[in-house]
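In: coordinates only, sequence not included:
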């Protein structure tokens, strides 16, 4: 089922999302990859506040390319989510409600998602140029020295994703395989 959602994503929103739903995101999402996640974790270890509001936030695992003329950003395809798995449970426990990436997640991440009523979306890999057309604004928020790994704040319009793992732990990667085998 197609759903149109405006961020921030709250528990009330995740309650309506089921594995396999097609979703079009509107509003603010953040971009953070490995190095930014590591820095955020180190900041938390030092007792510092995070540079972004994590409660009800959506974090997109993406490595942007430079913007072309007249565009907010260049290619904006997802990166492999498992690289953030060692950091994700802690951010989920602090209130993060959605992640966007590609690929499978560990049991620890899925357990943290269930515990915190969060969801994992997949964006289509290899479609970065098309996804970038849904990004209307991009600005660097912090960690500028990390270059393409800095944290970005994006404004998106009808950004297409699929609910891969819902807040109950239903996992499209697993159910799709079972369904395929029965065919």
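Out: Okay, I see it. Values in this document were obtained by computation on a predicted structure and should not be read as measured data.
In: every contact and neighbour count from this point should use C-alpha atoms.
Out: OK.
In: strands along the protein, start to end?
Out: Ranges of strands within the chain are 2-6, 22-31, 58-60, 98-101, 119-122, 135-142, 151-165, based on DSSP state E.
In: need the winner for burial among the ones you listed.
Out: strand 119-122 (a mean of 28; mean count of other CA atoms under 10 Å).
In: for it, name the packing helices and strands.
Out: strand 98-101, strand 151-165 (3 or more CA pairs under 8 Å, 6 or more residues apart in numbering; DSSP states H and E).
In: which among these is found nearest to residue 30?
Out: strand 151-165 (4.7 Å; CA to CA).
In: quick check: mean pLDDT of the closest one?
Out: For strand 151-165, mean pLDDT is 97.
In: and stretch 54-70, by the same measure?
Out: The model assigns stretch 54-70 a mean pLDDT of 90.
In: least trustworthy helix or strand in the chain by mean pLDDT?
Out: Sorting the helices and strands of the chain by mean pLDDT, DSSP states H and E puts helix 172-182 at the bottom, at a mean of 73.
In: out of the strands of the chain, nearest to residue 47?
Out: Nearest of the strands of the chain (CA to CA): strand 135-142, 17.8 Å.
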